[in-house]
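**Q** Kindly return the folded structure for what I paste below:
(chains A and B)
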Amino acid sequence: MSVSSLLRTYNAKAVPRDAVPRLSLEAFRGVVIGAPERGARIAALFGIGAAGDVDLFAVLAVDDEGCLELCSTRLEDDSYPAMTPECPEAHLFERELAEQWGIQPMGHPWLKPVRFAPPRRVGADPFGWSKTPPMIGVTDFYRVEGEEIHEVAVGPVHAGVIEPGHFRFQCYGEQVLHLEISLGYQHRGVERALIGGPNARSIHYAETLAGDTTVGHATAYCQILEALSGCAVSARAQAIRGVALELERLANHTGDIGALAGDVGYLPTASYCGRLRGDFLNLTAELCGSRFGRSLVRPGGVAFDIDADRAGRMRQKLTFAVQDVADAAALLWRTASVQARFEDTGQVTGEVAEQLGMVGPAARASGVSRDVRRDHPAGIFRFKQIPVPVLLSGDVFARAQIRNLEIERSAVFIKEQLASLPSGETLSRVPPLAPMRVCVSLVEGWRGELCHVALTDESGRFQSYKVVDPSFHNWTGLAIALRDQQISDFPLCNKSFNLSYCGHDL
Amino acid sequence: MLKMLLTRIRQGHRTSSYPAVPPVLPDRFRGPPVIDSTKCADGCKACAEACPTQAIRFDQLGPEVDLGRCLFCADCENVCPTGAITHSKEYRLAARARDDLLFRSEMKTRAAPLDAAMRRLFGRSLKLRQVSAGGCNGCEADVNVLSTIVFDLGRFGIQFVASPRHADGLLITGPVTENMKLALQKTYDAVPAPKLVIAVGACAISGGPYVGHPEICGGANSVVPVDLYIPGCPPHPFTILDGLLRLLGKLDQRSQS
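**A** I've put the predicted structure just below:
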């Protein structure tokens, strides 16, 4: 199957559903498995229920060309030959397909539930749950056998104020041979509930897909609605969305640098960054009343404007906060005992990061240059570029330093935007959604690529709504990073990824 | 070392003067909705229809708000044709009983302190185990900041601990997913009695944006008894702190007015 037969489209663009080629299963597999070879990667791979049948739908991102390739296939049977053995980045997507639709990817090396959620197709019973209902976490785990091997199980309730998840370590003394991560505890049915929308709750679902990425996910959702309805968003609203998105990045990156310092017992930076993270959240509250950007991004634009006074105040506060972050972070880079803990810890090579389809700062720290803002720009990023930092060492140091560099660059962007906001209205009317369309919306959230894919039915409602949080790509990266590390370095490695449980569990 | 000390001087002292001085909240801060039903147009239920979580309902007495479901999103205010709904700047919102979060025009009640015996036990040292049971990690984030230098929770004798066996109570966030129900129940059982339960955020009180989903249990009190409800989506850190301090009787009763 030649690649030219795929539908090529772009970020936040609606296309007719019947323009998406329906390939034979063999051709579909060939296209997905061959993606890495031609510089493409899986942005989303999911099933769509269609009158008892299931269609597989793939969204492949070709970053160098700034385009997206779409294709689908109708499954004739309840099984198909798995793609994961030849294309590792399909691993979790295929497990999700099995869980949601009862399809068996034959030959999948590690076919287990993803979220311990009931299937969406009537009669599907992929894991024998019709006889014994699923019990979360009760499943086979990868085990290393041997006289001096021991197993450490942690969670779902952790020792800090963090989300629930289960971690199973296979250890030889202090050394971790393998870590398996089992999630699903945060599964609240939010992706399922988006189907049939849009309705009064949809935007609130988008805002709470991952609460620390409210602006990112809300923007991804709104881009879908605007593309499907043909609504033009003003340049002013786009700029304000950009400001909020980058403030979200500043707050989270700053919090992460502080938490990394805390995890190696370096308390000055931990204390300062804890406070400074709040300063950035308060800047978002200055903009919209909510520290997390709730109620700001709305279909058609933004619900709050920034007048010259407010822009001036925000710029001033931002300048001070960014100076203080640079000051607090500089202590880390100057302290040898901190660097000794950061360097060479939790390494992920660029090759592995590519194989796993990693995204965001974790990928960029391993030399994989991917950033939606540059590769698939939408909104304000079509007009204004933010330089993308890339480091090669793939260790905790690199993941910390990438955040530091991104803080500097995002701060420059925000200040420029606040100084020169375009004129115009902030909110446009959103017409009804076009029927039988498909739209892919990508946003570079602070953790990496947020991917939303919506397909409308004949009445312009969501027949399918797929959300891929960056954490879905990156959790396996954390597991790999832990190999041959000391188990005591787990908190440090974990924080250097700081992945979302709720964004994964949906 | 010298550079660290210089940085320490530059960063300065940043702990807020609360509760001696009331917190300064942003001008666009949204407190709970306030409904002036005298302004309601006949038969208009636009607010109830726009509310994503059915936090507003109408009966023969007019509109009633359930702050336990409210997302503080202003969707109601934005659709009201007569300007009958505004959002106040009130941040002191915690309640001891679920029904105290229901009101007709304005939220007026404030959480009462624990009785004297419980205050003697916990008033000077309260150790909490936090359980995140579904939700979006927003509440967790704003609970976490209470331990930063700005709020410095430790100065009030309140601390988050790693084990339920070391804890005096649970602070629960999230709607309690089916997948977290057992873990929450086990964590609760592991806390020695007498114990407190604090539900933080719309999810933990009512299910929040996920109310009605089969994947959730519908809030903390569907699994364990709750002693304090702190509404919000997520609540402002000062709302959470205010609730905790009121429970322990640590706020000047005069500031309750």
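
**Q** Going by C-alpha atoms from here, please, whenever you check contacts or count neighbours.
**A** Fine.

**Q** contacting residues around B:Cys44?
**A** Listed by CA atoms under 8 Å, 6 or more residues apart in numbering or on different chains, the contact set of B:Cys44 is empty.

**Q** where does it land in three-state SS?
**A** coil (DSSP: H, G, I helix; E, B strand; the rest coil).

**Q** and the gap between it and A:His187?
**A** 36 Å (CA to CA, to the nearest Å).

**Q** which residues in the stretch 1-150 of chain B form helices?
**A** B:2-11, B:46-50, B:75-79, B:116-122, B:138-144 (DSSP state H, counting those that start in this stretch).

**Q** now the stretch 1-150 of chain A
**A** A:25-33, A:91-101.

**Q** out of those, which comes closest to A:Arg121?
**A** With respect to A:Arg121, and counting by CA to CA, the nearest of those is helix A:91-101 at 5.4 Å.

**Q** How about residue 160: what's its closest non-neighbour residue?
**A** Answering for chain A, as no chain was given. B:Ala162 (6.1 Å; CA to CA, 6 or more residues apart in numbering or on different chains).

**Q** that answer is for a different chain, and I need it for chain B
**A** B:Leu128 (4.8 Å).

**Q** what about the one you found, how many neighbours?
**A** 25 (other CA atoms under 10 Å in any protein chain shown).

**Q** which residues touch it?
**A** B:Ile158, B:Gln159, B:Phe160, B:Val161, B:Pro164, B:Ala167, B:Asp168, B:Gly169, B:Leu170, B:Leu171.

**Q** Get me the contact residues on the stretch 251-400 of chain A for chain B.
**A** With CA under 8 Å from any CA of the partner chain as the criterion, the stretch 251-400 of chain A meets chain B at residues A:268, A:271-272, A:274-275, A:278, A:282, A:285-290, A:292, A:294-295, A:324, A:327-328, A:331.

**Q** one more time with 7 Å, if that's ok
**A** Neighbours of chain B within the stretch 251-400 of chain A, by CA under 7 Å from any CA of the partner chain: A:Ser271, A:Gly274, A:Arg275, A:Ala285, A:Glu286, A:Cys288, A:Gly289, A:Ser290, A:Ser295, A:Asp324, A:Asp327, A:Leu331.

**Q** can you redo the residues you listed as a markdown table with secondary structure, distance to A:Cys493 and neighbour count?
**A** A markdown table is the format used below for these (DSSP: H, G, I helix; E, B strand; the rest coil; distance: CA to CA, whole Å; neighbours: other CA atoms under 10 Å in any protein chain shown):
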| residue | secondary structure | distance to A:Cys493 | neighbour count |
| --- | --- | --- | --- |
| A:Ser271 | helix | 20 | 20 |
| A:Gly274 | helix | 19 | 26 |
| A:Arg275 | helix | 22 | 24 |
| A:Ala285 | helix | 31 | 22 |
| A:Glu286 | helix | 33 | 22 |
| A:Cys288 | helix | 34 | 26 |
| A:Gly289 | coil | 34 | 23 |
| A:Ser290 | coil | 30 | 25 |
| A:Ser295 | coil | 33 | 23 |
| A:Asp324 | helix | 25 | 18 |
| A:Asp327 | helix | 24 | 21 |
| A:Leu331 | helix | 20 | 19 |
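
**Q** okay, the contacts of B:Leu128 in JSON lines with secondary structure, pLDDT and neighbour count next?
**A** Below are the contacts of B:Leu128 laid out as JSON lines (DSSP: H, G, I helix; E, B strand; the rest coil; pLDDT from 0 to 100; neighbours: other CA atoms under 10 Å in any protein chain shown):
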{"residue": "B:Ile158", "secondary structure": "strand", "pLDDT": "97", "neighbour count": "22"}
{"residue": "B:Gln159", "secondary structure": "strand", "pLDDT": "96", "neighbour count": "18"}
{"residue": "B:Phe160", "secondary structure": "strand", "pLDDT": "96", "neighbour count": "26"}
{"residue": "B:Val161", "secondary structure": "coil", "pLDDT": "96", "neighbour count": "18"}
{"residue": "B:Pro164", "secondary structure": "helix", "pLDDT": "95", "neighbour count": "24"}
{"residue": "B:Ala167", "secondary structure": "coil", "pLDDT": "97", "neighbour count": "23"}
{"residue": "B:Asp168", "secondary structure": "coil", "pLDDT": "98", "neighbour count": "22"}
{"residue": "B:Gly169", "secondary structure": "strand", "pLDDT": "97", "neighbour count": "27"}
{"residue": "B:Leu170", "secondary structure": "strand", "pLDDT": "98", "neighbour count": "24"}
{"residue": "B:Leu171", "secondary structure": "strand", "pLDDT": "98", "neighbour count": "23"}
